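Engineer: predicted model follows, preceded by the sequence.
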2 protein chains.
Amino acid sequence: MPDGLGPALRTPLVDRLALVGMGLIGSSLARVCRRKGIARKIIAADLSPEVCARVRELGLADEVAESAPAAVAQADLVILCAPVGAMEAIARKVGPHLRAGAILSDVGSVKSAIIAAVAPHLPEHVRFVPAHPVAGTEMSGPDAGFASLFLDRWAILTPPPGTDPAAVSTVVDFWAAAGSHVEVMAPAHHDLVLAITSHVPHLIAYNIVGTAADLEEVTQSEVIKFSAGGFRDFTRIAASDPTMWRDIFLANKEAVLEMLGRFTEDLTALQRMIRRGEGDGLFDLFTRTRRIRRGIIEQGQETAAPDFGRGRADPAD
Amino acid sequence: MPDGLGPALRTPLVDRLALVGMGLIGSSLARVCRRKGIARKIIAADLSPEVCARVRELGLADEVAESAPAAVAQADLVILCAPVGAMEAIARKVGPHLRAGAILSDVGSVKSAIIAAVAPHLPEHVRFVPAHPVAGTEMSGPDAGFASLFLDRWAILTPPPGTDPAAVSTVVDFWAAAGSHVEVMAPAHHDLVLAITSHVPHLIAYNIVGTAADLEEVTQSEVIKFSAGGFRDFTRIAASDPTMWRDIFLANKEAVLEMLGRFTEDLTALQRMIRRGEGDGLFDLFTRTRRIRRGIIEQGQETAAPDFGRGRADPAD
């Protein structure tokens, strides 16, 4: 079956690509770069010896470097694929080893905090193009990656004012070659948009799963049995990597608290409608929300299959 | 491909089955009863002439009755498959026409309120066994139904004290034949369990989709584009039938407000952790919540495929 990624490029976009961090995102990037011929040479690095060993076994890279500095020392394009909270330490370590003219990018889910943490450690001669591919699954690690993870998803670039346009253009081309649509915006706006489309949704999913787990009147066994009533949908994103998500909430505190405030206000209004038995207000909201999903499906960001097409992929069926 | 429902029964469990309401649930019941030979004759009724015409076109029933009273007048087992708020009016209309010894059941998502609304309209000689199959999709109407909707899902029965055990046993067998596991519990406990596993999850999904739609700083187009960061998961259940859900919140007010109170308390604690930068508390919760999903997958209530197996069923791939 075709993977939707189309033919490989005639010539690589990048000569030597270094991926620092080989989890879900780094390993998916390695796979799509290999599949599409985006880089002539892929050099991988990871703090964990187990991950490095697995990357070697899976043959995901042309070289697994001894260390992050060793990986970046030879690269034209370096992409940091690590949790937000690890970015500063990595930048401090690799900064002095970056080549003149190299482009440094990242895949972090928060942009203002990463720019503040990373930029001070970069030499003048390095071009920094922060990026965020809005794609992922609830799985982690090098085995969880796949080449089409970024296909038809959006990659957001947030280059600081004055960034070399040629470097931005290379990173745009890189993500387009991986199958993504690309948008450029200011870091602060990115952080606000992602707070509502990703961070607060994760927070409330984690929260309701925690609430359900802590009840005394309803057992965990009952929560599990009867989860098909809606609850199970939330457990998917509440199964995402804990380190990654802790870092996101700490690094995007302001925007998350702002959007969470809006969510809570609206929820309080809904609660009041229920208490007062205001059916019309509920019905109006429930009708409006249907349209948003239709838009998401029409724009190719969601499957049109009922129930996410869940049944069809379920080995239990 | 086998549908997982196994061979048909040797002899029907029910002679004449009346389904009042032919939306997602009623039409799925018609399909599985046909497929498994659960009833000798299936009689369908629906308030909407369009739905009745469609049921005829699809050949889902042996007979489409003129009215709900005409449908129930000949039935041994009657199942009301209508929104919670419509149950009282239906019971009032069909009550006088029910046969002596007939069993009346329903599929409503709230049980105490339905018992209070329906029971007073039933003659002494009718046996009432309230039920709730915990299954569904975000789609509505007779075209959305399918025979395996109830397969491996749970059906909860809430017979009032003193209900004829033979009638309970017939309804247990009915749902087992449709592929479900069956549990019997008190109506009030059902309403509390479903408040946390279904009603509050729907409420917060509707709420965050509403919040996102109303923002001024982030456009709807941005919400749609970048929804793959987590938001799109919530839009599925926020696309469910507005009438059905309005009725549920009004009919299960007390339990929903109670569980919503717990959710909000917990969310306030999380908000405080973020504001204070308490990463350890966040990390602990995010680790605990992973386990619940594992339980749900192990118990066959969820697919183990990453991202709900979404990609594989996506026609865009």
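Structural biologist: Nice, I can see it.
Engineer: in the stretch 1-150 of chain A, which residue sits closest to chain B?
Structural biologist: The stretch 1-150 of chain A approaches chain B most closely through A:T137 (4.0 Å), counting by CB to the nearest CB. Yep, even glycine has a C-beta here, placed from its N, CA and C like the rest.
Engineer: quick one: that residue and A:I25 touch, right?
Structural biologist: No - using CB atoms under 8 Å as the test, A:T137 is too far from A:I25 to be in contact (10.2 Å).
Engineer: what sits in contact with each of those two?
Structural biologist: Counting by CB atoms under 8 Å, 6 or more residues apart in numbering or on different chains, the contacts common to A:T137 and A:I25 are A:L149.
Engineer: out of the two, which sits in the busier spot?
Structural biologist: A:I25 (26 against 21; other CB atoms under 10 Å in any protein chain shown).
Engineer: where do the helices sit along the stretch 201-317 of chain A?
Structural biologist: In the stretch 201-317 of chain A, the segments counted as helices under DSSP state H, counting those that start in this stretch are A:220-225, A:231-237, A:242-251, A:253-276, A:279-298, A:310-313.
Engineer: which helices and strands sit right next to the longest one?
Structural biologist: Judged by 3 or more CB pairs under 8 Å, 6 or more residues apart in numbering or on different chains; DSSP states H and E, helix A:253-276 is in contact with helix A:187-194, helix A:200-214, helix A:279-298, helix B:200-214, helix B:253-276.
Engineer: if we go to 10 Å?
Structural biologist: For helix A:253-276, the packing partners by 3 or more CB pairs under 10 Å, 6 or more residues apart in numbering or on different chains; DSSP states H and E come out as helix A:112-118, helix A:187-194, helix A:200-214, helix A:242-251, helix A:279-298, helix B:200-214, helix B:242-251, helix B:253-276.
Engineer: A:V14: how many residues sit nearby?
Structural biologist: A:V14 has 21 neighbours, counted by other CB under 10 Å.
Engineer: which residues does it form a beta bridge with?
Structural biologist: On the basis of DSSP bridges, A:V14 is bridged to A:A39.
Engineer: immediately after the helix or strand hosting A:S169, which helix or strand?
Structural biologist: Per DSSP states H and E: A:S169 is located in helix A:165-177. Next along the chain after helix A:165-177, taking DSSP H and E as the criterion, comes strand A:181-184.
Engineer: give me the pLDDT value at the residue of the stretch 1-150 of chain A closest to chain B.
Structural biologist: On pLDDT, A:T137 comes in at 95.
Engineer: three-state assignment of it?
Structural biologist: Under DSSP: H, G, I helix; E, B strand; the rest coil, A:T137 falls in the coil class.
Engineer: picking that back up, how about the helix holding A:S169 against chain B, any contact?
Structural biologist: No - applying CB under 10 Å from any CB of the partner chain, one finds helix A:165-177 out of contact with chain B, separated by at least 14.0 Å.
Engineer: output the contacting helices and strands for that helix.
Structural biologist: For helix A:165-177, the elements it packs on are strand A:14-20, helix A:24-36, strand A:77-80, strand A:103-106, strand A:127-129, strand A:131-134, strand A:154-157, strand A:181-184, judged by 3+ CB pairs under 10 Å, 6+ apart.
Engineer: from the chain's centre, how far out does the third one sit?
Structural biologist: The chain centroid and the centroid of strand A:77-80 are separated by 15 Å, computed with CA atoms, centre = their mean, to the nearest Å.
Engineer: the shortest one now?
Structural biologist: Between the mean C-alpha location of strand A:127-129 and the chain-wide mean there is a distance of 19 Å, by CA atoms, centre = their mean.
Engineer: report the buried residues of it.
Structural biologist: Across strand A:127-129, burial judged by 16 or more other CB atoms under 10 Å in any protein chain shown covers A:R127, A:F128, A:V129.
Engineer: need the residues you listed in CSV with distance to chain B, can you?
Structural biologist: Below are the buried residues of strand A:127-129 laid out as CSV (distance: CB to the nearest CB, whole Å):
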residue, distance to chain B
A:R127, 25
A:F128, 22
A:V129, 19
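Engineer: using TSV, please lay out those residues together with pLDDT.
Structural biologist: Formatted as TSV, the buried residues of strand A:127-129 follow (pLDDT from 0 to 100):
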residue	pLDDT
A:R127	98
A:F128	98
A:V129	98
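Engineer: I'd like to know which of those residues is nearest to A:F150.
Structural biologist: Nearest to A:F150 out of those is A:V129 (CB to CB; 16.3 Å).
Engineer: once you drop chain neighbours, what's closest to A:A100?
Structural biologist: Spatially, and ignoring its direct neighbours in sequence, A:A100 is nearest to A:H125 (4.2 Å; CB to CB, 6 or more residues apart in numbering or on different chains).
Engineer: so what's the closest residue to chain B within the stretch 51-200 of chain A closest to, chain neighbours aside?
Structural biologist: In the stretch 51-200 of chain A, the residue that lies nearest chain B is A:S198 (2.9 Å; CB to the nearest CB). The shortest distance from A:S198 to any non-neighbouring residue, by CB to CB, 6+ apart, is to B:G229 (2.9 Å).
Engineer: chain B contacts on the stretch 51-200 of chain A?
Structural biologist: Near chain B, the residues belonging to the stretch 51-200 of chain A are A:85, A:109, A:132-139, A:144, A:146, A:148-149, A:151-154, A:156, A:181, A:183, A:185, A:189-190, A:192-200 when assessed by CB under 10 Å from any CB.
Engineer: ok, now with 7 Å
Structural biologist: Applying CB under 7 Å from any CB of the partner chain, we find that the stretch 51-200 of chain A lies next to chain B at A:134-135, A:137-139, A:144, A:152-154, A:192-194, A:196-198, A:200.
Engineer: those residues: which two are farthest apart?
Structural biologist: A:A144 and A:L192 (28.8 Å).
Engineer: neighbour count: those two, which is higher?
Structural biologist: Ranked by neighbour count (other CB under 10 Å), A:A144 and A:L192 place A:L192 first, with 23 against 18.
Engineer: surely that one touches A:V256?
Structural biologist: No - the pair A:L192 / A:V256 is not scored as a contact, 9.7 Å apart, by CB atoms under 7 Å.
Engineer: picking that back up, burial measure for the residue nearest to A:S198, as a count.
Structural biologist: Per other CB under 10 Å, the neighbour tally for B:G229 reads 26.
Engineer: in this structure it contacts A:P133, no?
Structural biologist: No - if you go by CB under 7 Å, B:G229 and A:P133 don't touch, sitting 9.9 Å apart.
Engineer: point out where the stretch 151-300 of chain A drops to low pLDDT.
Structural biologist: Of all residues in the stretch 151-300 of chain A, none has pLDDT under 70.
Engineer: so how far is A:S28 from the residue nearest to A:S198?
Structural biologist: 16 Å (CB to CB, to the nearest Å).
Engineer: now A:R288
Structural biologist: Look at A:R288 and A:S28: by CB to CB, they are 35 Å apart.
Engineer: so which of the two has more stuff around it?
Structural biologist: Comparing A:R288 with A:S28 by other CB under 10 Å, the one with more neighbours is A:S28, at 28 against 16.
Engineer: picking that back up, go through the residues of the stretch 51-200 of chain A next to chain B and name the one nearest A:L47.
Structural biologist: A:A144 (17.4 Å).
Engineer: wasn't that closest one part of a strand?
Structural biologist: No - assignment of A:A144 by three-state DSSP gives coil, placing it outside any strand.
Engineer: residue contacts, it?
Structural biologist: The contact partners of A:A144, by CB atoms under 7 Å, 6 or more residues apart in numbering or on different chains, come to A:L24, A:T137, B:P306.
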